[in-house]
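Chemist: Quick one, fold the following:
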Amino acid sequence: MSYFQNIKNFIFSGSFPIIDNDITTNNYSLEILSIGSMNYPNLSNMPRLSRYFNQLSKDFDISSISNFSTINAESIEIQVNDDISLDFHFDSNHYFSDLMVTSKLNKPSSFINFSNHNCSTIVLYNCGSEFNINGEIPIIPNSELIFVVYQGNFSVFPNLTLFKRDLIVSDCNLSIELPINVGKNQSITLNGNQLTGIIDKSWCSSLINVNNNKLHGEIPTCYSCYLSDPTLFYGYFSANNFSNYNQSLGCPTFAPRFKPLNSSEASFIVSGTDIGFNPRFWILNDNIALSDYRTVLMGNEYVVNYNGTDLSNDEYFKITFEHPKPSPTITFPIIDKLPSPISMTVTTNQLLISGKFFSSYLNYTNQVVSIGKNEICIIKDTSFFNLTCEFDSSIIMTYPTIITINNDNLIRRVIINPQQGELNQLVCQNYCDDIENNYCDLSTGSCIPFIECDVDCGSFGTCNNQTGICSCNSKYTGDDCSKPNLYISSIIPSNTNGGEASFFGWFGDTRSNQSILIGIQKCQPITYNTSNEIKCIAPPGNGVYDITLKQDDIEYILRDSYRYDEIIKSCPNNCTNSNQGICNTSNGECKCINSYYSFDCSLKRNNDSGGNNGGNPSIDPSTGGTNITDNQVNFQIYFKNLFEIDFSGNIVNQYSLQSNWTFNKTKDSQSNNIYKLSQTIQQSCEIIASIEEISTPKQYSFAGSTFALDAGSIKLTISISNYYYKSNLNTLQLQLVSSADNNENQETDCNSKEVSTNEINTSSFKYIKISKDNRVLQGRFINKVLSDGRSTYLSTDIKSEGNSIIATLNLPHFVNQSIIDPDFSVLLETDFKSKCDTKNDRKWLIPVAVVVPIVGLCLIGALVYFIYIKKAVENPLKNDPYK
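Modeler: The predicted structure follows:
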């Protein structure tokens with residue numbers, strides 16, 4: 001080698017001599033040495049070699065392998081004649097950066113460790129079938145090594161946690177299923193093998209070449225989006241069995257995200273879905289090409305720079321993507337700002353919005369458009385400047401309608417005129433942002449007050465943006481509408497021996513720490529517990545008690561609402577005596593005998609009296625009053641007021657019931673007269689009183705009880721529906737006034753008596769009597785009410801005040817409807833005289849007031865009818881139905 005000591009580049013080929021280095025000093029001239037030889041020369045004194053190429057002959061001197069470690073060159077390439085096979089000895093050299101070997105290689109005895117070698121590339125061509133260890137590539141690379149192998153023989157997929165850079169394993173007989181990608185290689189080439197299975201989406205972090213394999217299924221969209229351009233990597237997937245190997249698929253999943261790093265230098269972090277593998281195809285603002293980029297995760301994240309471009313004074317920018325086709329242009333924000341609508345138009349089922357700072361494309365941001373408080377307008381199309389959403393065409397919108405645009409929690413509210421075709425485009429100054437608690441009316445250009453609630457009103461309330469306070473639905477209460485608005489509407493009690501009791505009402509969707517007290521005794525254990533019903537085991541007892549329901553930190557009390565069901569029921573006055581009546585202990589009714597009658601069998605028919613008197617009933621539709629008259633006495637009954645009463649007994653609402661009634665009269669199939677009075681309060685609360693005149697005796701059932709009605713009785717059915725309480729603890733009272741006076745045409749006063757009143761209580765009924773001039777107005781109140789469709793206890797309080805009786809019906813809180821069912825009749829005292837010997841022109845007037853406070857019910861209107869009696873006063877004995 002001394003002959004070319006001063007030569008910089010030496011290239012020799014065509015023969016294979018033995019090369020002997022006879023230079024005794026360092027050769028600093030030679031940089032490129034390309035030879036063919038039968039050996040490796042010792043090149044330890046040639047420190048400036050940059051490239052070494054040696055084509056070894058079939059007569060290669062194996063003993064010269066030790067000289068390979070002396071080759072101090074950055075790039076080494078070795079080619080060996082096909083007739084020989086070498087042991088892998090190339091790891092002995094620590095100088096090279098790039099190594100290329102074309103040679104058959106023998107099976108190594110152990111893995112070849114390059115983990116501490118600074119080499120950057122190793123390429124092995126035609127390494128043959130023996131170069132593996134148990135089917136694995138027998139190389140341990142360093143973390144930066146690019147490894148390439150052709151014409152090998154491997155049965156185990158490369159360990160991608162070791163091979164972290166680009167990897168090529170080509171024509172190497174890999175006859176296995178393609179696994180998921182566990183590495184972060186930028187590029188992997190696996191062409192010319194026998195790979196089967198599908199390409200998992202995990203491979204989208206690498207640019208993969210699987211040409212000429214046996215793969216099937218769909219090519220992931222990260223690749224298929226770019227098949228439209230054959231100059232990219234269309235051929236990387238050829239010669240397989242893919243179902244979507246097609247150049248015209250499009251790319252609906254393309255979703256790039258640009259986040260500015262330095263707007264003054266146009267530097268961005270770009271991430272997203274299916275964004276491709278080459279950012280150099282991304283053009284800024286129509287004509288600014290990319291300066292450089294750095295791959296963070298191939299196909300998923302890059303840092304890109306457009307040097308020399310200053311965007312610091314801009315609000316947004318646009319990027320044109322040459323791929324995928326057709327090349328999209330997308331506008332992105334530089335800074336985060338509230339959505340800024342400048343125009344809104346309503347069509348049949350769409351809202352069209354233009355402006356800026358909307359989502360750059362669908363799902364670029366979490367963008368929601370709502371109409372009013374709860375209606376979502378489903379976004380169908382969006383860009384940075386325009387937005388289209390669709391709503392249910394059945395939604396009724398009226399002016400003013402609030403539109404809320406929420407773009408990644410940047411919320412803009414405006415008001416519009418929702419009339420179809422109306423162009424709302426009068427933008428307020430600064431969108432009213434500088435005026436606290438106001439938003440812009442795009443139809444007028446003016447600012448409107450708007451207050452956010454301090455708390456989340458949850459699923460059971462909405463924020464009243466005029467007050468900033470949550471408006472809860474009827475079932476919940478509290479600052480954030482999280483506490484159930486407890487109430488009990490009906491109770492099925494146990495009998496006096498105790499046992500299961502059921503409580504119906506509203507107790508909330510979630511319940512804990514529940515307890516029920518009957519008076520001061522616990523109803524336990526609780527055996528059943530839902531949002532609408534509680535069952536527990538009541539202790540023995542009798543009488544009427546308060547109910548106390550405790551739940552979490554809430555206490556609800558229902559006064560005088562639990563009455564033990566008596567096993568043996570008492571009758572009024574015990575039917576007077578055994579010669580006058582027999583008590584039915586199953587329902588508490590008297591069966592009168594020996595010509596006695598009335599509810600307690602206290603009256604007896606004689607030649608001058610007996611039976612229901614009737615009178616001539618008439619109804620005044622304007623006042624809802626009922627008049628029952630004969631020649632001597634005129635009874636008057638009418639409603640006066642309806643009160644809503646709070647828990648402390650205070651009046652919180654009052655409704656006058658002396659006018660505004662609607663009247664209707666019909667007949668049933670037995671020709672009984674039926675009168676109907678109705679009235680509406682609170683816009684939706686309806687009070688209906690249905691009055692039936694009983695022409696023949698009949699059995700009647702109500703709320704699970706059966707009782708008898710005599711001919712001449714008047715049956716009332718009173719319902720109150722949809723009353724809106726100020727509080728779930730409030731109830732109702734109905735005031736009913738009754739008066740009696742003499743008829744102006746009276747001809748006798750032999751029956752003249754002062755007004756007297758009386759009440760009798762039993763376990764099933766409450767009875768009242770008002771007597772005047774030997775005539776009796778008798779009323780019966782069953783101690784049950786239908787509350788929201790269920791039977792429950794009804795208490796009635798009676799109070800006598802001089803010539804008046806005040807009856808108070810206490811009903812439980814109800815939501816939908818409450819129904820009460822009293823009945824009335826006019827009777828004649830035993831000593832009634834139909835004819836008198838003298839006349840008396842004296843006139844008198846005695847008022848009788850009956851207040852019917854209906855707790856928890858609009859039942860009020862009903863009682864208006866209850867004294868409709870259709871029998872002539874004249875000749876009462878002649879018309880006595882019992883004769």
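
Chemist: I'd like to know how far Lys640 sits from Ser34.
Modeler: Lys640 sits 122 Å away from Ser34, taking CB to CB, to the nearest Å as the criterion. Backbone N, C-alpha and C define where each C-beta goes, glycine included.

Chemist: got it, and Phe281?
Modeler: 39 Å.

Chemist: Show me the shaky parts of the stretch 551-700 of the chain.
Modeler: Along the stretch 551-700 of the chain, segments meeting pLDDT under 70 span 606-617, 628-635, 668-671.

Chemist: one more time with 50
Modeler: Within the stretch 551-700 of the chain, the stretches with pLDDT under 50 are 609-611.

Chemist: Now for the nearest residue to Leu174 once chain neighbours are set aside, how many residues are close by?
Modeler: In space, Leu174 comes closest to Asn193 once its chain neighbours are excluded; the distance is 3.9 Å by CB to CB, 6 or more residues apart in numbering. Counted by other CB atoms under 10 Å, the residues lying close to Asn193 total 23.

Chemist: Report the separation between Asn193 and Ser206.
Modeler: Asn193 sits 16 Å away from Ser206, going by CB to CB.

Chemist: three-state assignment of the closest residue in space to Glu375 that isn't next to it in sequence?
Modeler: Leaving aside its chain neighbours, Glu375 sits nearest to Ile395 (5.5 Å; criterion: CB to CB, 6+ apart). For Ile395, the assignment made with DSSP: H, G, I helix; E, B strand; the rest coil gives coil.

Chemist: tell me which residues of stretch 698-708 are tucked away?
Modeler: Buried residues in stretch 698-708, counting neighbours by 16 or more other CB atoms under 10 Å, are found at Tyr700, Phe702, Ala703, Ser705, Phe707.

Chemist: Among the residues you listed, which are located in helices?
Modeler: Assignment to helices by DSSP state H places none of the buried residues of stretch 698-708 there.

Chemist: With respect to Tyr150, which of those residues is nearest?
Modeler: Lowest distance from Tyr150 to the buried residues of stretch 698-708 (CB to CB) belongs to Ala703, with 94.6 Å.

Chemist: Might you report the residue contacts of that closest one?
Modeler: Ile782, Lys784, Val785, Leu786, Ser791, Asp821 (CB atoms under 8 Å, 6 or more residues apart in numbering).

Chemist: May I ask you to confirm that Ile651 is in contact with Lys726?
Modeler: No - the criterion here is CB atoms under 8 Å, and Ile651 misses it with Lys726 at 11.1 Å.

Chemist: quick revisit: neighbour count winner among Lys640 and Ser34?
Modeler: Lys640 (19 against 15).

Chemist: Number of residues surrounding the closest residue to the more buried one other than its chain neighbours?
Modeler: Spatially, and ignoring its direct neighbours in sequence, Lys640 is nearest to Gln735 (4.4 Å; CB to CB, 6+ apart). Counted with other CB under 10 Å, residues neighbouring Gln735 total 23.

Chemist: Report the beta-bridge partners for Gln735.
Modeler: Asn641, Val851 (DSSP bridges).

Chemist: Test for you: state the pLDDT assigned to it.
Modeler: Model confidence at Gln735, given as pLDDT, is 76.

Chemist: separation between it and Asn650?
Modeler: Taking CB to CB as the measure, Gln735 falls 16 Å from Asn650.

Chemist: ditto for Asp600
Modeler: Distance from Asp600 to Asn650, by CB to CB: 37 Å.

Chemist: coming back round to it: quick check, the residue nearest to Lys640 in contact with Phe643.
Modeler: Yes - using CB under 8 Å, Gln735 is in contact with Phe643, at 7.1 Å.

Chemist: intersection of neighbour lists for Ile651 and Lys726?
Modeler: Common neighbours of Ile651 and Lys726 (criterion: CB under 8 Å, 6+ apart): Glu644.

Chemist: Can you list the neighbours in contact with stretch 252-264?
Modeler: The set of residues external to stretch 252-264 that reach it, using CB under 8 Å, 6+ apart, is 221, 225, 267-275, 303, 310-312, 314, 317, 319, 321, 324, 328, 330, 332, 334, 361, 363-364.

Chemist: Show me how to select, in ChimeraX, the buried members of those residues.
Modeler: Selection of buried members from the contacts of stretch 252-264 for ChimeraX, criterion 16+ other CB under 10 Å:
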select :221,225,267,268,270,271,272,273,274,275,311,317,319,321,324,330,332,334,361,364
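
Chemist: In helices, which of the contacts of stretch 252-264 appear?
Modeler: Per DSSP H, the contacts of stretch 252-264 map to helices at Thr221.

Chemist: Stretch 238-248: end-to-end distance?
Modeler: 16 Å (CA to CA, to the nearest Å).

Chemist: Give the buried residues for it.
Modeler: Residues of stretch 238-248 classed as buried: Asn240, Phe242, Tyr245 (neighbour count, 16+ other CB under 10 Å).

Chemist: Show the average pLDDT along it.
Modeler: The average pLDDT for stretch 238-248 rounds to 90.

Chemist: can you list contacts of that stretch?
Modeler: By CB under 8 Å, 6+ apart, stretch 238-248 touches 210-219, 224, 227-228, 230, 234, 237.

Chemist: give me that answer again for 6 Å
Modeler: Asn211, Asn212, Asn213, Leu215, His216, Glu218, Ile219, Ser224, Leu227, Ser228, Phe237 (CB atoms under 6 Å, 6 or more residues apart in numbering).
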